[in-house]
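Student: Generate a structure from the sequence data that follows.
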Amino acid sequence: MMNLRLLEPEDIPAVHELWREARLPVRPEGRDSPGSVAAEIEDGRTFYVGAFEGGRLVGVALGTDEGRKGWVNRLAVAPDHRRRGVAAALVAFCEREFLKRGRGLVCALVEEDNDASLALFRREGYVPRRDILYLRKALRGETW
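Tutor: So this is what the prediction gives:
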């Protein structure tokens, strides 16, 4: 039985472990540091939702409320729990959380070669926009 809940700062080590297991980049000394993640959680604009099975964190997503829309980021599922509806449940949780906050638009950034994530978001009703370019500038020396 899978349970979903908002994560707390004490869950951060398990999040880092899951991101590594799922092969997401982790910067534990940078923006993913326990202090940085805890500050995001306490700020209130950001939330982390976790999917648990038998007490083990098997999925995680980061929701960011930018004031006009919500963003689903850093979605990761343990390899042995993929294709079981974990990712879809995490996305649905984020959508409900954004609706509670008054956000009617939810977006996600997916790397172009991540076929599984692209398929998931399309199944969940997300529409790709090829006419928008993502631009970024690292202010603290991070390269990704």
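
Student: only C-alpha atoms for contact and neighbour calcs from this point on.
Tutor: Will do.

Student: For the residue nearest to Ala38 when sequence neighbours are not counted, give me phi and psi.
Tutor: In space, and not counting its chain neighbours, Ala38 is closest to Pro9: 5.0 Å by C-alpha to C-alpha, 6 or more residues apart in numbering. Pro9 adopts backbone torsions of phi -50, psi -30, taken as degrees, to the nearest 10.

Student: Spit out the contact partners of Pro9.
Tutor: Residues in contact with Pro9 (C-alpha atoms under 8 Å, 6 or more residues apart in numbering) are 34, 37-38, 41.

Student: Check which residues of the longest helix anywhere in the chain are buried.
Tutor: In the chain, ranked by residue count with DSSP state H as the criterion, the top helix is helix 86-100. Within helix 86-100, the residues that qualify as buried are 86-87, 89-91, 93-95, 97-98, counting by 16 or more other C-alpha atoms under 10 Å.

Student: From the contact counts, what lies against the lowest-mean-pLDDT helix or strand in the chain?
Tutor: Ranked by mean pLDDT, DSSP states H and E, the helix or strand of the chain with the weakest confidence is helix 34-43, at a mean of 89. Applying 3 or more C-alpha pairs under 8 Å, 6 or more residues apart in numbering; DSSP states H and E, one finds that helix 34-43 contacts helix 12-21, strand 46-53.
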